[in-house]
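In: Build me a model:
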Amino acid sequence: MVPLVTIAKVIILSIGWNFFIFEVNWFGHNVLLPFAALPDSEEIYEVPIGSISCSTVGSQSGNRICHLKNLCYSNVFNSFLLASDDDDDDHHKLVRFENVVNFTTVVGSNSTFDYYLSSKTFTDMRHYRKLMFFGSYHLLGQFAPNNIAHDIHDFLLPLFNTLTGLNEFQLDTEPSRTLLIYGLVPITASTRSLYSLFSRYPPTLSLDVMMDESLVCFEDVTIGLSHDTIWYQWGFGQPEGPLDDRKVTSKHLQNFTGYVKEKLNIDDKSACLEKDEFGILFSRKSTRVILNEIKLRESISAQTGMTIRTLSFEQNSLEEIIANVSCAKFIVGMHGSILILGIFLPPNSVLLEMFPYALNANHYTHCRTWVEIKGMDLKYVSWRNRNRSNTVTHSFEGLYPGLTVTEEKRLEILASEEVAPHLCCADPAFRFRLNQDTIVDIPAVIEILLGALEEQGRRANVS
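Out: Numbering: from 1, shown residues only. Sure thing, here's the model as predicted:
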């Protein structure tokens, strides 16, 4: 087992089966936690015969879901195995099957489940210790772990939609499957608390259960996610942007947020009636810092007549943030993953997304796309810093794993007024500008916010 002290020093982003090291706090989240160990396991002496069956769910042909019995992971071959009955002609059979089903919904990321079909005799011979985990599991991959926008858009919303379609999620019952995540990244407390809502037992990282034994088997495993709820592609093969054939509806998002609030015991219908109107300012502590945050908060409060609550992952739990968002009239925040929690806003609310210098709001429209889904009844507005003197930049070092920026490129980036459209994920100009801190133009932001609030107020009066 890799020592946890070693794990805690790195964050690793997995795309497919390639792993890239990130610094801790890259995404600005709180302390890392290891996954919990799974219950109901015992050592076995013979590998069980495995099986696989796949089908399509939902409205798209790519929505492939596979159910596997006795899926095993081999630390000898560093691969998944299904044991088959012995072949009289070949007791050493090992046949590889590739691209069986997608681990994620990330368009173009090529993260697929592959496995070997192995004869029972060969599997038993090559693995001196074997461990079986009983119960039902859903196996997920990893992409940008501990980034809550990816967690919700790429995994949990699709998972909820998938298992609801299979009649495995009900508000009044506990999840029937435990989440098993194939990857190496310990998750933060806030991320873990969200994943736990969709898991029978605490969600478990493969690293915690696939290191000690030579063969680890799982009694019942489902792999695959419906793509019906995704609305965005992250820049593989083309610059990021909304999907042309998106199927997601406001009902998808409202069912998801309703489930989450039910599990967190958030009764916003009664709680919101007891509170004065307020807005939320999302704060960041490491990168994309609002350098005049206190003045911005005070000015927004004075101009709107509302209390402004400052929230962040560093200072608040996920439950606190969702409970507050569920009653808020508006959110103001810098471009970043926490804005996905705006899906919990009540109708007729406003989301104002702010962008650092040189980042064009029209090139990064993940938030705008979901806010403008018909039936959400929300208003999206944005502000972009166009004043170079109001930005504070940071080092070019450590922008992305393995990325080295030449002096010539650095000068080009510093001279540029706008980051050009780019692919995921290592564009140096984007990474550099994404990290910078900003002195916000307070009068401009307030003007945009007040206009949006006035428009939403008129809509509410009409309805």
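
In: and T287, which of the three is it?
Out: With DSSP: H, G, I helix; E, B strand; the rest coil as the basis, T287 sits in coil.

In: Could you tell me the model confidence score at it?
Out: Per-residue pLDDT puts T287 at 92.

In: Distance check, it against F133.
Out: Distance of T287 to F133, given as CB to CB, to the nearest Å: 39 Å. Every C-beta, even on glycine, is put in place using the N, C-alpha and C of the backbone.

In: what about the two, which has more around it?
Out: F133 (21 against 17; other CB atoms under 10 Å).

In: Name the surrounding residues that touch stretch 334-344.
Out: 27-28, 147-150, 152-153, 253, 256-257, 260-261, 282, 284, 288, 290, 312-313, 321-322, 325-326, 331, 333, 349, 351, 353-356, 359, 364, 366-367, 370-371, 378, 434, 438 (CB atoms under 8 Å, 6 or more residues apart in numbering).

In: and if you look at stretch 246-258?
Out: Counting by CB under 8 Å, 6+ apart, 59-60, 156-157, 160-161, 164, 171, 227-231, 343-344, 369-370, 373-376 sit against stretch 246-258.

In: so when I look at T164, I'm seeing a helix, right?
Out: Yes: according to three-state DSSP, T164 belongs to a helix.

In: Could you list which residues are in contact with A149?
Out: 336-340, 366.

In: repeat that with 7 Å
Out: For A149, the contacting residues are 337, 340, 366, by CB atoms under 7 Å, 6 or more residues apart in numbering.

In: For the nearest residue to H127 once chain neighbours are set aside, give me the backbone phi and psi.
Out: Of all residues not flanking H127 in the chain, L215 sits nearest, at 3.8 Å (CB to CB, 6 or more residues apart in numbering). Note on L215: backbone dihedrals following degrees, to the nearest 10 are phi -140, psi 120.

In: start the count at 15, not 1, going forward
Out: OK, 15 is where the count begins now, so the last one is L229.

In: Quick check: beta-bridge partners of L229?
Out: As for beta bridges, L229 partners with S88, K144 under DSSP bridges.

In: For it, give me the pLDDT.
Out: On the pLDDT scale, L229 gets 90.

In: what number of residues lie near it?
Out: 24.

In: need the strands for the stretch 115-264 of the chain, in chain order.
Out: For the stretch 115-264 of the chain, the strands defined by DSSP state E, counting those that start in this stretch cover 126-133, 144-154, 192-195, 201-202, 218-219, 229-237, 246-247, 255-256.

In: Make JSON lines out of those and add distance to P435.
Out: JSON lines is the format used below for these (distance: least, CB to CB, whole Å):
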{"stretch": "strand 126-133", "distance to P435": "27"}
{"stretch": "strand 144-154", "distance to P435": "30"}
{"stretch": "strand 192-195", "distance to P435": "32"}
{"stretch": "strand 201-202", "distance to P435": "31"}
{"stretch": "strand 218-219", "distance to P435": "35"}
{"stretch": "strand 229-237", "distance to P435": "33"}
{"stretch": "strand 246-247", "distance to P435": "13"}
{"stretch": "strand 255-256", "distance to P435": "9"}
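
In: If I average pLDDT within each of the ones you listed, which one is lowest?
Out: strand 201-202 (a mean of 77).

In: how near is V114 to T126?
Out: 7 Å.

In: Can you tell me how far the residue nearest to H141 is from D54?
Out: In terms of CB to CB, L229 sits 17 Å off from D54.

In: Kindly report the same for I195.
Out: On the measure of CB to CB, I195 and D54 end up 18 Å apart.

In: Ok, N116 next?
Out: 28 Å.

In: in the lengthiest helix in the chain, what's buried?
Out: When the chain is parsed with DSSP state H, its longest helix is helix 456-476. Buried residues in helix 456-476, counted by 16 or more other CB atoms under 10 Å: 456, 459-460, 462-463, 466-467, 470.

In: Check those for the minimum pLDDT and say which it is.
Out: Out of these, that is Q470, at 90.

In: just checking, H152 touches P189?
Out: No: with contacts counted by CB atoms under 7 Å, H152 stays clear of P189, the gap being 8.9 Å.

In: more neighbours, these two?
Out: The residue with more neighbours, out of H152 and P189, is H152; 26 against 21, by other CB under 10 Å.

In: Give the bridge partners for the more buried one, please.
Out: Beta-bridge partners, per DSSP bridges, of H152: L193, T236.

In: what sits against it?
Out: 173, 191, 193-194, 236.

In: and those as a markdown table, adding neighbour count and distance to E254?
Out: Below are the contacts of H152 laid out as a markdown table (neighbours: other CB atoms under 10 Å; distance: CB to CB, whole Å):
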| residue | neighbour count | distance to E254 |
| --- | --- | --- |
| L173 | 28 | 22 |
| R191 | 22 | 31 |
| L193 | 23 | 27 |
| L194 | 27 | 29 |
| T236 | 21 | 29 |
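
In: Rebuild the residues you listed as JSON lines, extending it with distance to S284.
Out: Formatted as JSON lines, the contacts of H152 follow (distance: CB to CB, whole Å):
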{"residue": "L173", "distance to S284": "29"}
{"residue": "R191", "distance to S284": "32"}
{"residue": "L193", "distance to S284": "31"}
{"residue": "L194", "distance to S284": "37"}
{"residue": "T236", "distance to S284": "37"}
